[in-house]
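**Student:** Mind looking at a prediction? Sequence and model below.
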Amino acid sequence: MRRILLYLICGATLWQSGCAGVTGGPSNSVNPPPSAGVSVSPNPVTVRAGASQAFTATVTGTSNRSVTWQVNGVTGGSATTGTINAGGMFVAPTVLPSTNMVTVSAVSTADPSASGDSAVTLWNPVPVLSGLAPNSVSTGNFSITLTGSGFVSGAYASLAGTPLSTTFVSSTQLTASGSALSAGAFAVVVTNPNPGSSASGAVDLQVTSNSGGGGPPPSACSAMTPGQNASLGGFVPFPPDNLWNADISSAPVDPNSAAIINFIGPTIGLHPDFGSGLYNNSIIGIPYLVVNSSQGPVDINFTAYGDESDPGPMPVPTNAPIEGDPNPSGDQHVLVLDNNNCWLYELYDAQPNGSGWNAGSAAVWDLTADEQRPYTWTSADAAGLSIFAGLVRYDEVAAGAINHALRFTLASSQAAFTPPASHWAANSSSADAAPMGMRMRLKASFDISGFSAANQVILTALKKYGMIMADNGSSMYLTGAPNDNWNNDDLHNLGSVTAADFDVIEMNPIYTAANIPQGAAPTIASFTANTQSVSAGTPVTLSWTVTGASYLIVSPEVGATRGASVVITPTQSTTYTLYATNAFGRTTATINITVQ
């Protein structure tokens, strides 16, 4: 009994303070190890489809630095989201997943609750164009097969900057069709869509004429009546597949359309920047002049952007109308169409200088072809576009239809452009500011029945072809040519049409400094003369072999030309320069002709 009692007493004592004289001793509990931390670099990062990216993990709080790599929570990743090896080398999937964002994670081996992440944006690959079949076609409709690598669904081919109807076959093959109206060697480029829109290098498609050479310009150009602000007789500049002439009534709306419209100002009304009579003692709008074969070429002296301009001579009479006449002001554009050779000449900041012109810049446009200004080059317009192509003209309205897009301006633009533009003149850093070349379309649901017949023609064109942003200026100003037949009061009724009544058409691609298309400038294999020493007044034939050019100019004396040769009649010793230009730049060659 005493022994039992002793056990009970000891047990109670042990419960309170520990038995066998152990009191106040250290605890036998185990402290948790220090918490580990993991970070992953680079973070964030962009990786193109099929490309590799090395990641590194930094582990703190433990001496065990090893990690397990995951993609979207799956160790080692997968073919859908991309794979990653034990060393942190990530390989993006060859086809983008439904969402182009994945997460690469490093998980601590010592403490699996500790991990670090990197946000990875997946972009489409850069396409590689290696061949065309056939590589030579005749003028007119054609179909070609394009081979290469890195093609994705939504990729499209373009000829000299103009998109072709394109079908995606596989990552190594596309088929495309279009129409070539003039002979020459034209650059074909493949562009992959967003995310990460990018363009391939160029491969030339040789276009031969059914008439056996450069040939005369189409007879349709002769329909243009000589004179100031004259009728073009139904002639529409540039081929039907040109982006100025594209029917975009069913084109998708840009995902950022609402934000862009809100940035512009949804209540800002359309303003016709053209009309009859004078305003502040100047004509209202941008005038133009049609000339014929009687107009000879004159020299053009550049005062600002000569390195991005087309050199003269040009058939621009020194009394040609200037924007702002009779008191020229503003951009002082001069626009001249040659109905004999089917060329359009456009000057910016122009002033006659006696026998010729001073101009800040100038551009020549082949009215029979799909010409693309060199990427990043201006023209006589900030966007690198033709001005005349987008004018609202009275002869078209009177005929009952405008068959092309219209030109307009906005107060703000960002450092980007989208086809058909080639140049930006940024004055805003906002992502919602328009890139040059952005196209807006009047909503199909907008009721135009209450407008006059003339205004309905304009509004119908805005529904079918839209309007293309071409310069910084007052927002929603629509550009047109002056004409005494315009009813200014009626035109002002267009002000009830606001920016909110428009959608922005999907812009793809959008080019910035990060993804300007790259390709080969034209190649001049030869530039020769049948003789290089003559007496004054003796004809000399200049000949050349050029590939990859969209258009050619010989200066001085000749100007824009087609074909592979031209006859000159030098009166003094002269150095002639051949300029060959395409979307990727300009190549020149010279030859000296000595006059005895």
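**Tutor:** Received, thanks.

**Student:** Okay, strands next: where are they in the stretch 201-350 of the chain?
**Tutor:** Secondary structure of the stretch 201-350 of the chain by DSSP state E, counting those that start in this stretch: the strands cover 203-208, 227-228, 271-273, 278-279, 282-283, 289-291, 300-302, 334-338, 343-348.

**Student:** ok, the residue nearest to P352 when sequence neighbours are not counted - contacts?
**Tutor:** Nearest non-adjacent residue to P352, counting by C-beta to C-beta, 6 or more residues apart in numbering: T318, 4.3 Å away. C-beta: built from backbone N, CA, C; applies to glycine. Under the criterion of C-beta atoms under 8 Å, 6 or more residues apart in numbering, the contact partners of T318 comprise V298, P352, G354, S355, G356, W357.

**Student:** Out of these, flag the one nearest to A513.
**Tutor:** Relative to A513, the closest of the contacts of T318 is W357; by C-beta to C-beta it sits at 32.6 Å.

**Student:** residues in contact with A160?
**Tutor:** Contact analysis of A160 by C-beta under 8 Å, 6+ apart lists F186, A187, A369, D370, E371, Q372, S550, N582, A583.

**Student:** Touching, A529 and T594? I think so.
**Tutor:** No - applying C-beta atoms under 8 Å, one finds A529 not in contact with T594, separated by 10.3 Å.

**Student:** okay, those two: which has more neighbours?
**Tutor:** The residue with more neighbours, out of A529 and T594 and counting by other C-beta atoms under 10 Å, is A529; that gives 18 against 12.

**Student:** Could you check how far the more buried one is from N403?
**Tutor:** Using C-beta to C-beta, to the nearest Å, A529 is found at 43 Å from N403.

**Student:** got it, and S179?
**Tutor:** For S179, the distance to N403 (C-beta to C-beta) stands at 16 Å.

**Student:** coming back round to it: make a markdown table from the contacts of A160 and add distance to T99 to it.
**Tutor:** Below are these laid out as a markdown table (distance: C-beta to C-beta, whole Å):
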| residue | distance to T99 |
| --- | --- |
| F186 | 38 |
| A187 | 35 |
| A369 | 42 |
| D370 | 36 |
| E371 | 39 |
| Q372 | 34 |
| S550 | 39 |
| N582 | 38 |
| A583 | 33 |
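
**Student:** Take these and lay them out in TSV including pLDDT and neighbour count.
**Tutor:** Conversion of these to TSV gives the following (pLDDT from 0 to 100; neighbours: other C-beta atoms under 10 Å):
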residue	pLDDT	neighbour count
F186	78	28
A187	80	26
A369	87	23
D370	84	27
E371	82	25
Q372	82	27
S550	90	25
N582	91	28
A583	90	25
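
**Student:** and these, which of them are in strands?
**Tutor:** Using DSSP state E to define strands, the subset of the contacts of A160 located there is F186, A187, N582.

**Student:** Where does pLDDT dip in the stretch 51-200 of the chain?
**Tutor:** Under the criterion of pLDDT under 70, the regions of the stretch 51-200 of the chain flagged as low confidence span 181-185.

**Student:** hang on, V152 is in a strand, isn't it?
**Tutor:** No - per DSSP: H, G, I helix; E, B strand; the rest coil, V152 lies outside any strand segment and is coil.

**Student:** count of neighbours near it?
**Tutor:** 17.

**Student:** same thing with N242?
**Tutor:** Here the neighbour count serves as a burial measure; for N242 (other C-beta under 10 Å) it reads 21.

**Student:** contacting residues for it?
**Tutor:** Under the criterion of C-beta under 8 Å, 6+ apart, the contact partners of N242 comprise T162, D370, P420.

**Student:** in the stretch 151-300 of the chain, which spans are helices?
**Tutor:** The residue ranges that make up the helices of the stretch 151-300 of the chain, judged by DSSP state H, counting those that start in this stretch, are 257-264.

**Student:** swap that for the chain, please
**Tutor:** Counting by DSSP state H, residue ranges of the helices within the chain are 2-17, 257-264, 394-399, 453-464, 488-491.

**Student:** and those, which one's lowest on average pLDDT?
**Tutor:** The stretch with the lowest mean pLDDT among the helices of the chain is helix 2-17, at a mean of 39.

**Student:** now, among the ones in strands among the contacts of A160, which is nearest to T68?
**Tutor:** Using C-beta to C-beta, A187 comes nearest to T68 of the ones in strands among the contacts of A160, at 48.6 Å.

**Student:** For the closest one, give the beta-bridge partners.
**Tutor:** Counting by DSSP bridges, A187 is bridged to D204.

**Student:** Please determine how far it is located from F142.
**Tutor:** In this structure, A187 and F142 are separated by 15 Å, where distance is defined by C-beta to C-beta.

**Student:** for N245, same thing?
**Tutor:** The gap separating N245 from F142 is 18 Å, by C-beta to C-beta.

**Student:** contacting residues around stretch 68-87?
**Tutor:** 47, 54-55, 57, 88, 90-93, 97, 102-107, 109, 120, 122.

**Student:** measure it end to end?
**Tutor:** Terminal residues of stretch 68-87 are spaced 9 Å apart (C-alpha to C-alpha, to the nearest Å).

**Student:** I'd like the distance from it to the chain centre, please.
**Tutor:** Here stretch 68-87 is found 36 Å from its chain centre; the criterion is C-alpha atoms, centre = their mean, to the nearest Å.

**Student:** Mind listing what's buried along it?
**Tutor:** By neighbour count, and taking 16 or more other C-beta atoms under 10 Å as the criterion, the buried residues in stretch 68-87 are T68, W69, Q70, V71, N72, G77, T81, G82, T83, I84.

**Student:** Let's have those in a markdown table, adding distance to A251.
**Tutor:** Putting the buried residues of stretch 68-87 into a markdown table (distance: C-beta to C-beta, whole Å) gives the following:
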| residue | distance to A251 |
| --- | --- |
| T68 | 47 |
| W69 | 43 |
| Q70 | 41 |
| V71 | 36 |
| N72 | 34 |
| G77 | 37 |
| T81 | 32 |
| G82 | 33 |
| T83 | 38 |
| I84 | 40 |
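
**Student:** taking those residues one by one, which sit in strands?
**Tutor:** Secondary-structure check on the buried residues of stretch 68-87 using DSSP E: residues within strands are T68, W69, Q70, V71, G77, G82, T83, I84.

**Student:** what's the most distant pair in these?
**Tutor:** Put simply, by C-beta to C-beta the two of those set farthest apart are T68 and G82, 15.8 Å from each other.

**Student:** Any idea how far stretch 553-573 is from the middle of the chain?
**Tutor:** From the chain centre to the centre of stretch 553-573 is a distance of 32 Å (C-alpha atoms, centre = their mean).

**Student:** export that stretch as CSV, just CAs?
**Tutor:** Output of stretch 553-573 as CSV, limited to C-alpha atoms (Å, rounded to 0.1, in the frame of the first residue of the first chain):
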residue,chain,number,x,y,z
ILE,A,553,13.4,57.2,-111.7
VAL,A,554,16.1,58.5,-114.0
SER,A,555,17.4,62.0,-113.1
PRO,A,556,18.0,64.5,-114.5
GLU,A,557,15.9,65.0,-117.6
VAL,A,558,13.7,61.9,-117.4
GLY,A,559,11.9,61.4,-114.1
ALA,A,560,9.7,58.4,-113.3
THR,A,561,9.8,55.8,-116.0
ARG,A,562,8.7,52.2,-116.8
GLY,A,563,10.5,49.5,-118.8
ALA,A,564,14.2,48.9,-119.1
SER,A,565,15.5,51.8,-121.2
VAL,A,566,15.0,55.4,-122.1
VAL,A,567,16.3,57.8,-124.7
ILE,A,568,17.9,61.1,-123.6
THR,A,569,19.3,64.0,-125.5
PRO,A,570,22.0,65.7,-123.4
THR,A,571,23.1,69.2,-124.3
GLN,A,572,26.0,69.2,-121.9
SER,A,573,28.1,66.7,-120.0
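
**Student:** Buried residues in that stretch, which are they?
**Tutor:** Residues 553-562, 564, 566, 568, 570 are the ones in stretch 553-573 that count as buried (16+ other C-beta under 10 Å).
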